[in-house]
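*Asks:* return atomic coordinates for the entry below.
(chains A, B, C and D)
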There are 2 protein chains.
Amino acid sequence: MSDSTSMRRRAAHCSSCAMRHLCMPEGLCANDVSRLENIISVTRKIRRGEALFRAGDPFDSLYAVRSGSLKTLVTHGSSRDGGRERVTGLLLAGDALGLDGIGDGRHTCDAVALEDSTVCVVPYALFERMCRETDALQRRMHRMMSQAINRESDHVVRLGMLRADERVARLLLDMSARLARRGYAATEFTMRMTRDDIGSYLGMTLETVSRTLSRFDKLGLIEAHGKSIRIRDFERLRSI
Amino acid sequence: MSDSTSMRRRAAHCSSCAMRHLCMPEGLCANDVSRLENIISVTRKIRRGEALFRAGDPFDSLYAVRSGSLKTLVTHGSSRDGGRERVTGLLLAGDALGLDGIGDGRHTCDAVALEDSTVCVVPYALFERMCRETDALQRRMHRMMSQAINRESDHVVRLGMLRADERVARLLLDMSARLARRGYAATEFTMRMTRDDIGSYLGMTLETVSRTLSRFDKLGLIEAHGKSIRIRDFERLRSI
DNA sequence: CGAGAATTTGATGATGATCAAACATAGTGG
DNA sequence: CCACTATGTTTGATCATCATCAAATTCTCG
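*Replies:* The predicted model follows:
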């Protein structure tokens, strides 16, 4: 563990926030919940721009975002542009991450903090064992992974058949909905990703992202000042 | 079950093909293997163009392709073009499918046969219970889902940052590699999807797919006669 | 405050979509 | 088995969208 990250025992905090999302203790008896809290008892801080893990790192834990936000990205070992990177995911508080590593025991993408963030660490070996013993937890795990698959496939659909302005509109609405679900304001939020990140995530250039946001602003759909976004007209944004 | 599909008990067949891929019996004792064979003992036939399941159908089984091939697609309940569909996956013999349904108990996409095909049916309730009892099987299940997530995210990357000809080249190489892994010829195969399906899968129009294949043919990279493809120059195809 | 990073905006051009029409192939019924 | 119709494929011509190049401006943070 580098000096730039710290580990702490925080069972109380974890169980009160991220764990509820990650593990959905519904159906777990008090005894199970306390065992689970024991497994998920370490918090890790990641400072803006730092990586929680990188592609190729050995996989040993899942994570749940406790505060802040992260992006996942793959570095495309490709043909001509030797190594452009591509943003594949945007994780907010409560989201689980690290599932990619289960496949071959190594992470397949980088996870980088978009702002100073904290995550709950879930040692996979322990978690897996507990899944086997507690059927509600196993069910929750399977559902979580299935939903991750569906999210990705939604994203594929969006990328493949929407125009640039439609993609941007969807992203804004998606952010809004996700934040609302977490109890934050749905109309006003901060896009932590740079225009470049957004472009990479949506499959377009940063200039097109910028132009699109400017246009939305002029049309009165949103108010965009740098990273801060305010949605003014959900209806028209949806109908784009 | 409609008359166009039939169900049969076929433990022997299933265990000898799809089950090996789906469940990777390594680490299972003889007793476990026989229990598993008992769970996966029904085969279902789907004729070309018919659906194994549709979005919205209640989820109760996973499937493993035993012969033939299928595509998965989502019908995009979208803004202006009221309901275009988008191909999200291409499944070959040995591939698992149906994982999308675990999330909310309903399938989120259609699975349609590209040719007359058969699948092994894996009742999920039984399978899930057995996962809980057999750790090797649970591990296999988790890895399978994780790999599904990674495959999708690869696809996202391809769609978002590759040009049309690069996407087509990747698809051909991907097909070739997957067939080779199954013991089929790597250089010569039949693309069961129509140009329209391919375009939908790769996020471009059928005309562009057709043009690209024609160009590859003229350049001596492949030989394309309708759906039959022969790869003539892997190196140059990779370097596109 | 100052330097590097990020953003905005403009001008231009290439890639791929769209429209259109000829052609091939496969499935169907006489 | 063949003709016929559906469906799928190829190819061409034109045009829109978005990428690229470039430069000015604003933001951020050390």
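
*Asks:* so who does the closest residue to A:Ser117 other than its chain neighbours touch?
*Replies:* Once flanking residues are discounted, A:Ser117 sits nearest to A:Gly68: 2.5 Å by C-beta to C-beta, 6 or more residues apart in numbering or on different chains. (Glycine included, C-beta is placed from N, CA and C.) Neighbour list for A:Gly68: A:Ile46, A:Ala93, A:Ala113, A:Leu114, A:Glu115, A:Asp116, A:Ser117, A:Thr118 [criterion: C-beta atoms under 8 Å, 6 or more residues apart in numbering or on different chains].

*Asks:* of those residues, select the buried ones using a PyMOL command.
*Replies:* Command for PyMOL that selects the buried part of the contacts of A:Gly68, burial taken from 16 or more other C-beta atoms under 10 Å in any protein chain shown:
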select buried, chain A and resi 46+93+113+114+117+118
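
*Asks:* identify those among the contacts of A:Gly68 that sit within strands.
*Replies:* A:Ile46, A:Ala113, A:Ser117, A:Thr118 (DSSP state E).

*Asks:* returning to what we had before: how near is the residue nearest to A:Ser117 to chain B?
*Replies:* Taking C-beta to the nearest C-beta, to the nearest Å as the measure, A:Gly68 falls 22 Å from chain B.

*Asks:* ditto for A:Thr190
*Replies:* 24 Å.

*Asks:* what's the neighbour count on that residue?
*Replies:* 14 (other C-beta atoms under 10 Å in any protein chain shown).

*Asks:* I'd say it and A:His225 touch.
*Replies:* No: assessed by C-beta atoms under 8 Å, A:Thr190 is found out of contact with A:His225, at 10.3 Å.

*Asks:* run through chain A and note the low-pLDDT ranges.
*Replies:* The model of chain A has pLDDT under 70 over residues A:1-29, A:77-83.

*Asks:* please parse it into its domains.
*Replies:* A:7-159, A:162-238 (automatic domain parsing).

*Asks:* so for B:Ala177, which of these sits nearest?
*Replies:* Across the domains of chain A, B:Ala177 has its closest neighbour in domain A:7-159 (16.3 Å, C-beta to C-beta).

*Asks:* tell me how far the residue nearest the centre of chain A lies from DNA strand C.
*Replies:* With distances taken as C-alpha atoms, centre = their mean, the residue of chain A nearest its centroid is A:Leu91 (1.3 Å). Using C-beta to the nearest atom of the strand, to the nearest Å, we find A:Leu91 at a distance of 19 Å from DNA strand C.

*Asks:* and A:Arg106, by the same measure?
*Replies:* In terms of C-beta to the nearest atom of the strand, A:Arg106 sits 28 Å off from DNA strand C.

*Asks:* what about the longest helix in chain A?
*Replies:* helix A:135-161 (DSSP state H).

*Asks:* excluding sequence neighbours, find me the nearest residue to A:Ala180.
*Replies:* A:Ala186 (3.8 Å).

*Asks:* and of the contacts of A:Gly68, the nearest to A:Leu219?
*Replies:* Closest to A:Leu219, out of all of those and judged by C-beta to C-beta, is A:Leu114, at 27.4 Å.

*Asks:* show me what contacts that closest one?
*Replies:* Here A:Leu114 is in contact with A:Arg48, A:Gly68, A:Ser69, A:Leu70, A:Lys71, A:Leu90, A:Arg192, A:Met193, A:Asp197 (C-beta under 8 Å, 6+ apart).

*Asks:* all helices of chain A, in order?
*Replies:* Going by DSSP H, chain A shows helices at A:11-16, A:18-23, A:30-39, A:124-133, A:135-161, A:164-181, A:195-202, A:206-218, A:234-238.

*Asks:* could I get the ones you listed as a markdown table with mean neighbour count and distance to DNA strand D?
*Replies:* Below are the helices of chain A laid out as a markdown table (neighbours: other C-beta atoms under 10 Å in any protein chain shown; distance: least, C-beta to the nearest atom of the strand, whole Å):
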| stretch | mean neighbour count | distance to DNA strand D |
| --- | --- | --- |
| helix A:11-16 | 17 | 25 |
| helix A:18-23 | 22 | 24 |
| helix A:30-39 | 15 | 34 |
| helix A:124-133 | 17 | 33 |
| helix A:135-161 | 20 | 10 |
| helix A:164-181 | 18 | 4 |
| helix A:195-202 | 21 | 7 |
| helix A:206-218 | 17 | 3 |
| helix A:234-238 | 13 | 16 |
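
*Asks:* could I get those helices as TSV with distance to B:Leu219?
*Replies:* Compiled in TSV, the helices of chain A are given as follows (distance: least, C-beta to C-beta, whole Å):
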stretch	distance to B:Leu219
helix A:11-16	57
helix A:18-23	51
helix A:30-39	56
helix A:124-133	47
helix A:135-161	26
helix A:164-181	31
helix A:195-202	30
helix A:206-218	31
helix A:234-238	44
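
*Asks:* before we move on, the earlier item: neighbours of the residue nearest to A:Ala180, how many?
*Replies:* A:Ala186 has 16 nearby residues by other C-beta under 10 Å.

*Asks:* thought it was touching A:Ala177?
*Replies:* Yes: with contact defined as C-beta under 8 Å, A:Ala186 counts as touching A:Ala177 (7.1 Å).

*Asks:* make JSON lines out of the domains of chain A and add distance to B:Ser34.
*Replies:* Formatted as JSON lines, the domains of chain A follow (distance: least, C-beta to C-beta, whole Å):
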{"stretch": "domain A:7-159", "distance to B:Ser34": "21"}
{"stretch": "domain A:162-238", "distance to B:Ser34": "45"}
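
*Asks:* tell me if stretch A:194-204 is near DNA strand C.
*Replies:* Yes: counting by C-beta under 7 Å from any atom of the strand, DNA strand C is contacted by stretch A:194-204 at A:Thr194, A:Arg195, A:Asp196.

*Asks:* now the second one, nearest residue through space, not along the chain?
*Replies:* So the one you mean is A:Arg195. Closest to A:Arg195 by C-beta to C-beta, 6+ apart is A:Leu206, at 4.1 Å.

*Asks:* was I right about the one you found contacting A:Thr194?
*Replies:* Yes: here A:Leu206 reaches A:Thr194: they are 7.5 Å apart, a contact under C-beta under 8 Å.

*Asks:* circling back to that earlier point, tell me which of the residues of stretch A:194-204 next to DNA strand C is nearest to A:Ala64?
*Replies:* Distances from A:Ala64 to the residues of stretch A:194-204 next to DNA strand C, taken by C-beta to C-beta, are shortest for A:Thr194, at 24.8 Å.

*Asks:* contacts only, for that closest one.
*Replies:* By C-beta under 8 Å, 6+ apart, the neighbours of A:Thr194 are A:Leu206.

*Asks:* rewinding a little: tell me which of the helices of chain A sits nearest to B:Gly160.
*Replies:* Using C-beta to C-beta, those put helix A:135-161 closest to B:Gly160, at 5.3 Å.
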